[in-house]
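In: predicted model and sequence follow; I will ask about them next.
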Amino acid sequence: MDPTPAQPASVGLGELAMVDPSPRAAVVASLAGTLSRAVALGDGEGARVVHEAIGRLLGLEPEGRASSRR
């Protein structure tokens with residue numbers, strides 16, 4: 001039986017559901033790859049900057065700033 005709008009297709013064990021990522025999710029995924037490369041190359045400052053950018057895109061406060069805004 002084919003799925004209907006009220007009955008979505010089930011995802012089997014070990015399978016990933018395919019969804020269209022939002023533009024922001026696509027940017028975060030790209031930055032995650034850049035972060036991995038920076039860490040692998042030993043670029044701590046570059047990794048820190050990319051990590052902060054990912055946090056900002058996800059709506060997180062950078063360390064040390066959360067308490068100063070209260």
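Out: Nice, I can see it.

In: give me the buried positions along stretch 27-43.
Out: Using 16 or more other C-beta atoms under 10 Å as the test for burial, stretch 27-43 gives Val28, Leu35, Ala38. The way it works is simple: take the backbone N, C-alpha and C, and place the C-beta from them, glycine included.

In: residues contacting it, please?
Out: Residues from elsewhere that reach stretch 27-43 (C-beta atoms under 8 Å, 6 or more residues apart in numbering): Pro21, Gly44, Gly46, Ala47, Val50, His51, Ala53, Ile54, Leu57, Leu58.

In: so the first one is in which element?
Out: Secondary structure assignment for Pro21, by DSSP states H and E: no helix or strand.

In: ok, and the closest non-adjacent residue to it?
Out: Once flanking residues are discounted, Pro21 sits nearest to Ala29: 6.9 Å by C-beta to C-beta, 6 or more residues apart in numbering.

In: circling back: of all the contacts of stretch 27-43, which two lie farthest apart?
Out: In these, two members sit farther apart than any others by C-beta to C-beta. They are Pro21 and Gly44, at 28.5 Å.

In: which residues touch Ala47?
Out: Applying C-beta under 8 Å, 6+ apart, the residues near Ala47 are Leu35, Ala38, Val39.

In: name the element the last one belongs to?
Out: To tie it back to what came earlier, the one meant is Val39. Using DSSP H and E, Val39 maps to helix 23-40.
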